[in-house]
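Trainee: I would like the atomic coordinates for the input below:
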Amino acid sequence: MIVEYIRYQLAASAPDAFLRGYEAACAELRAAPQCQGYELTQCDEDAKAFVLRILWESAEAHMQGFRKGPHFPPFFAAIRPFVNEIAEMRHYSLTPLAWTRAA
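Mentor: Sure thing, here's the model as predicted:
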């Protein structure tokens, strides 16, 4: 599994419009078999800063499977207005250092 982090710093777009765009885009992530999950977070100190975390089967599954598959065109159409506001977009490998408190 690989984790993709996409960090947005909105300058021209409103946060509400960004969230609406990602509501549509996330439907395509859920439908794509290469995607194992996602999480979109908004900064408390700066409402125009967001981080999207996407879990992919692998970097190849993302770049070759999803990006060349049927779910990418509608995904990209939904987020196209925000692409120029991406500050960082990279894949990261998981390490054994992880912990979550049980609810």
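Trainee: could you pull out the helices for the protein?
Mentor: With DSSP state H, the ranges of helices along the chain come out as 15-31, 59-60, 72-79.
Trainee: from residue 103, how far off is the spatially most central residue of the chain?
Mentor: Centroid-nearest residue in the chain: residue 52, 3.9 Å away (criterion: Cα atoms, centre = their mean). Separation of residue 52 from residue 103 (Cβ to Cβ, to the nearest Å): 24 Å. Heads up, the C-betas are built off the backbone N, CA and C, glycines and all.
Trainee: now swap in residue 32 and tell me
Mentor: Counting by Cβ to Cβ, the separation of residue 32 from residue 103 is 28 Å.
Trainee: neighbour count for the two, which is higher?
Mentor: Taking other Cβ atoms under 10 Å, residue 32 and residue 103 do not tie; residue 32 has more neighbours (22 against 3).
Trainee: next, count neighbours for the nearest residue to that one once chain neighbours are set aside.
Mentor: Leaving aside its sequence neighbours, residue 32 sits nearest to residue 71 (Cβ to Cβ, 6 or more residues apart in numbering; 4.3 Å). For residue 71, the count of nearby residues is 20 (other Cβ under 10 Å).
Trainee: thought residue 71 was touching residue 30?
Mentor: No. Applying Cβ atoms under 8 Å as the test, residue 71 and residue 30 come out as separate, 9.2 Å apart.
Trainee: which residue is the nearest non-sequential neighbour of the residue nearest to the centre of the chain?
Mentor: residue 6 (4.4 Å).
Trainee: so what's the one you found scoring on pLDDT?
Mentor: pLDDT, residue 6: 98.
Trainee: over to residue 72?
Mentor: pLDDT recorded at residue 72 is 98.
Trainee: and it, how far from residue 87?
Mentor: Distance, residue 72 to residue 87, by Cβ to Cβ: 22 Å.
Trainee: of those two, who's got more company?
Mentor: residue 72 (15 against 12).
Trainee: number of residues surrounding the closest residue to residue 66 other than its chain neighbours?
Mentor: Nearest residue to residue 66, sequence neighbours excluded (Cβ to Cβ, 6+ apart): residue 34, at 4.5 Å. By other Cβ under 10 Å, 20 other residues sit near residue 34.
Trainee: okay then, goodbye and thanks.
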